[in-house]
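Colleague: have a look; sequence and predicted model below, questions after that.
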Amino acid sequence: MNDYLSSAIKQFEYYKTLGEKTFDQLSDEQLFWQFNPESNSVATIVKHLWGNMLSRWTDFLTSDGEKEWRQRDAEFDNDLKNRADVLAKWNEGWQCLFSALNSLTEADLAKEIYIRNMGHTVLEAINRQLAHYPYHIGQIVYIGKMACDARWKSLSIPKGNSSAYNADKFSQPKRKEHFADEFIKKAKD
């Protein structure tokens, strides 16, 4: 697999892990909390990501990324019932994405695909989703921070720890490691 695809997969894995580390901090009730009736809950954002991922990554190279069977507006209905429903949608969406990405070759990156009848190279389509999914995962993390308040455990460098973190990093020899590798490894430990 070429460097771009490998890097893109690591980026997606990183953002998937950020979402999961947020879910771990939330109660079942907090997964469904909405700031107001016009805002989305974590569960609703997960449902939207799931719908987008299935639509975009199913038959990725051979059919339009906006599938006829997708019901985008229904993705914002609050009809998931519990944590198991939320996690099932989350995992199904990511599985679809990773299956598609892992099937690609370097030669596929220049191929043209369509999303809503608009042409994209495969590389552009991947970049499009690398912007879209972190946007929503950032929302999930922000909702998590609001819901947990003082109980929130930072997913990056905790406030007030930047100097110590940097001192540790700069005390180590230079190495080629994707920033997400370290985070994902820690998350799995």
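Modeller: Here it is on my side, so go on.

Colleague: okay, CA-based contacts and neighbour counts for the rest of this
Modeller: Fine.

Colleague: the longest helix anywhere in the chain packs against which elements?
Modeller: Taking DSSP state H as the criterion, the chain has its longest helix at helix 122-148. Judged by 3 or more Cα pairs under 8 Å, 6 or more residues apart in numbering; DSSP states H and E, helix 122-148 is in contact with helix 3-25, helix 42-57, strand 112-115.

Colleague: got the contact list for the closest residue to residue 141 other than its chain neighbours?
Modeller: In this structure, residue 141 finds its nearest non-sequential neighbour in residue 22, 6.0 Å apart by Cα to Cα, 6 or more residues apart in numbering. By Cα atoms under 8 Å, 6 or more residues apart in numbering, the contact list for residue 22 reads 140, 141, 144.

Colleague: the second one touches residue 20, doesn't it?
Modeller: No. Residue 141 sits out of contact with residue 20 when judged by Cα atoms under 8 Å, with a separation of 9.6 Å.

Colleague: any weak-confidence spans in this structure?
Modeller: 1, 177-189 (pLDDT under 70).

Colleague: report the separation between the residue in it sticking out farthest from the centre and residue 163.
Modeller: Going by Cα atoms, centre = their mean, the residue of the chain most distant from its centre is residue 171, 31.5 Å out. Remark: distance between residue 171 and residue 163 (Cα to Cα, to the nearest Å) = 12 Å.

Colleague: count of neighbours near the nearest residue to residue 40 once chain neighbours are set aside?
Modeller: What sits nearest to residue 40 in space, not counting adjacent residues and going by Cα to Cα, 6+ apart, is residue 34, at 5.8 Å. By the criterion of other Cα atoms under 10 Å, residue 34 has 16 neighbours.

Colleague: quick one: residue 34 and residue 43 touch, right?
Modeller: No. Using Cα under 8 Å, residue 34 is not in contact with residue 43; the gap is 9.7 Å.

Colleague: now do the shared contacts for those two.
Modeller: In contact with both residue 34 and residue 43: no residue, using Cα under 8 Å, 6+ apart.

Colleague: show the contacting residues for residue 121.
Modeller: So residue 121 contacts 109, 110, 111, 112, 113 (Cα under 8 Å, 6+ apart).

Colleague: the last one touches residue 62, doesn't it?
Modeller: If I follow you right, that is residue 113. Yes. Counting by Cα under 8 Å, residue 62 is a contact partner of residue 113 at 7.4 Å.

Colleague: more crowded one of these two?
Modeller: residue 113 (21 against 10).

Colleague: if the more buried one is in a bridge, with which residues?
Modeller: Assessed by DSSP bridges, residue 113 has beta-bridge partners residue 120.

Colleague: contact partners for it?
Modeller: Taking Cα under 8 Å, 6+ apart as the criterion, residue 113 is in contact with 60, 61, 62, 63, 64, 65, 119, 120, 121, 122, 125.

Colleague: how close does the third one get to residue 97?
Modeller: Note on residue 62: its distance to residue 97, by Cα to Cα, is 15 Å.
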